[in-house]
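Colleague: For reference, the sequence and a predicted model appear below.
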Amino acid sequence: MLAFTIRRLSQSVVVLFVMSIIVFAGVYAIGNPVDILINPEADIAEQEETIRRLGLDKPIWTQYGLFLANALQGDLGNSFVHNLPALDIIFQRLPATLELAFLAVGLAVVFGVPLGMLAGLKPDSVVGRVIMTGSILGFSLPTFWVGLMLIMLFSVNMGWLPASGRGETVDLFGIPVSFLTLDGLSHLFLPAFNLALFKMSLVIRLARSGTREVLLQDYIKFARAKGVSDARIIGVHVLKNIMIPVVTVLGLELGSVIAFAVVTETVFAWPGIGKLLIDSISHLDRPVVVAYLLLTVTMFIVINFVVDILYSILDPRVRLGGAN
């Protein structure tokens with residue numbers, strides 16, 4: 001077990017190092033932030049001073065060496081635009097994205113599991129076919145288009161929900177959250193629902209296939225033969241078994257929800273790290289972009305590392321297979 005953990009940890013470190021090179025080279029090779037950050041009428045001396053102050057006068061490999069040395073100490077550089085540590089700016093926006101992501105995953109489970117079970121229990125009915133058709137649309141429709149349609153319908157035409165912003169927030173353990181206020185919830189629902197649609201479609205399909213599989217098991221037949229009610233069979237035996245793959249998949253998908261909330265946050269002007277990324281790219285704020293991408297990569301690595309360790313504990317064949 002120790003050897004398996006060390007091997008997985010070593011692989012994670014190598015992946016993070018390789019990704020840091022790719023991210024740094026890709027971001028720092030595109031555009032010149034000086035063209036955006038200084039006045040176009042500035043003279044050559046001012047431009048050279050700005051380039052020197054930002055450290056852009058050094059070769060890219062020297063810049064990467066300095067970046068790596070600082071990163072090992074927890075410093076990913078200062079924002080060119082805000083002149084603040086890039087990580088501090090990201091962590092200021094992170095609660096808004098986490099709030100949006102967790103509510104989106106919650107909506108995917110709350111709506112996806114019952115709909116998937118219903119489609120699994122009645123696969124040939126009109127309701128079952130409509131649910132599965134809806135799940136296909138959830139996979140297929142572009143997120144930005146769905147977001148715009150939600151704004152047009154519920155904000156512009158009906159006026160029920162606000163179209164943008166985060167609304168009123170209150171501090172919870174020193175962190176501003178919006179789900180504890182009615183105004184915040186009204187601002188939160190549309191972007192969370194838009195972000196949840198794809199995952200909801202995934203949950204519907206997982207729940208449907210799981211339901212169809214569980215209904216064929218012998219213990220379900222025995223339970224019915226003993227006279228156990230359908231409500232108890234579905235609510236206890238079926239639900240408990242289909243939630244295992246649903247929770248596993250959503251645990252892995254949570255990272256992608258957080259990382260790829262960019263489109264939803266941009267459409268709804270939600271002040272999270274996704275919108276911060278778009279703003280930073282438009283201003284060529286390289287340190288913030290690099291910090292965001294590396295934080296995202298680290299998050300995926302940590303999630304997959306934890307899942308690997310849990311699987312190795314639950315199933316020894318995982319670590320035995322990796323040892324061959």
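Modeller: Structure's in. What do you need? Residues are numbered from 1 along each chain as shown.

Colleague: how far away is residue 93 from residue 82?
Modeller: Distance of residue 93 to residue 82, given as Cβ to Cβ, to the nearest Å: 12 Å. In this view, the C-beta of every residue, glycine as well, is placed from N, C-alpha and C.

Colleague: gap between the helix or strand hosting residue 25 and the chain center?
Modeller: In this assignment (DSSP states H and E), residue 25 forms part of helix 2-28. Taking Cα atoms, centre = their mean, to the nearest Å, one finds helix 2-28 lying 20 Å from the centre of the chain it belongs to.

Colleague: ok, now stretch 70-77?
Modeller: Worked out by Cα atoms, centre = their mean, stretch 70-77 lies 24 Å from the chain centre.

Colleague: on that earlier part again, enumerate the positions of the helix holding residue 25 that are buried.
Modeller: Under the neighbour-count criterion of 16 or more other Cβ atoms under 10 Å, helix 2-28 has 4, 8, 12, 15, 16, 19, 20, 23, 24, 27, 28 buried.

Colleague: all strands of the chain, in order?
Modeller: 170-172, 175-177 (DSSP state E).

Colleague: Does anything pack onto the last one? Which helices or strands?
Modeller: Going back to what we said before, that points to strand 175-177. If you count contacts as 3 or more Cβ pairs under 8 Å, 6 or more residues apart in numbering; DSSP states H and E, strand 175-177 packs onto helix 86-121, strand 170-172.

Colleague: now the first one
Modeller: Helices and strands touching strand 170-172, by 3+ Cβ pairs under 8 Å, 6+ apart, are strand 175-177.

Colleague: Centre of the chain to the strand it packs on, how far?
Modeller: 19 Å.

Colleague: Relative to it, what are the paired strands and their orientations?
Modeller: strand 170-172 (antiparallel) (DSSP bridges).

Colleague: Highest mean neighbour count out of the helices and strands packed on strand 175-177?
Modeller: Of all the helices and strands packed on strand 175-177, helix 86-121 has the most neighbours on average by mean count of other Cβ atoms under 10 Å, namely a mean of 21.

Colleague: List the contacts of the closest residue to residue 55 other than its chain neighbours.
Modeller: Take residue 55 and drop its neighbours on the chain: the residue closest to it by Cβ to Cβ, 6 or more residues apart in numbering is residue 63, 6.2 Å away. If a contact means Cβ atoms under 8 Å, 6 or more residues apart in numbering, then residue 63 has 24, 28, 55, 56 as its contacts.

Colleague: wait, doesn't the second one sit right on residue 285?
Modeller: Right, the one you point to is residue 28. No: with contact defined as Cβ atoms under 8 Å, residue 28 does not count as touching residue 285 (11.9 Å).

Colleague: any low-confidence regions in the stretch 201-324 of the chain?
Modeller: 307-308, 310-324 (pLDDT under 70).

Colleague: what ranges do the helices span in it?
Modeller: 218-225, 230-232, 239-259, 262-267, 273-282, 286-314, 316-323 (DSSP state H, counting those that start in this stretch).

Colleague: Quick one: closest of those to residue 162.
Modeller: helix 262-267 (13.1 Å; Cβ to Cβ).

Colleague: List the contacts of the closest one.
Modeller: With Cβ under 8 Å, 6+ apart as the criterion, helix 262-267 contacts 97, 100, 143-144, 147-148, 151, 191, 194-195, 270-275, 277-278.

Colleague: Now that we have those, which of them are buried?
Modeller: The neighbour count (16+ other Cβ under 10 Å) marks 97, 100, 143, 147-148, 151, 191, 194-195, 270-275, 277 as buried among those.

Colleague: Which of those residues sits closest to residue 252?
Modeller: Nearest member of the buried ones among the contacts of helix 262-267 to residue 252, counting by Cβ to Cβ, is residue 195, at 16.3 Å.

Colleague: For the contacts of residue 63, give me a markdown table that also has pLDDT and distance to residue 241.
Modeller: Putting these into a markdown table (pLDDT from 0 to 100; distance: Cβ to Cβ, whole Å) gives the following:
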| residue | pLDDT | distance to residue 241 |
| --- | --- | --- |
| 24 | 80 | 46 |
| 28 | 75 | 50 |
| 55 | 76 | 56 |
| 56 | 75 | 57 |
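
Colleague: nearest to residue 127, of those?
Modeller: Nearest to residue 127 among these, counting by Cβ to Cβ, is residue 24 at 51.8 Å.

Colleague: list the contacts for the closest one?
Modeller: Shown in contact with residue 24 (Cβ under 8 Å, 6+ apart): 63, 64, 67, 290.

Colleague: any idea which of those residues is closest to residue 179?
Modeller: Closest approach to residue 179 among the contacts of residue 24 (Cβ to Cβ): residue 290, at 30.7 Å.
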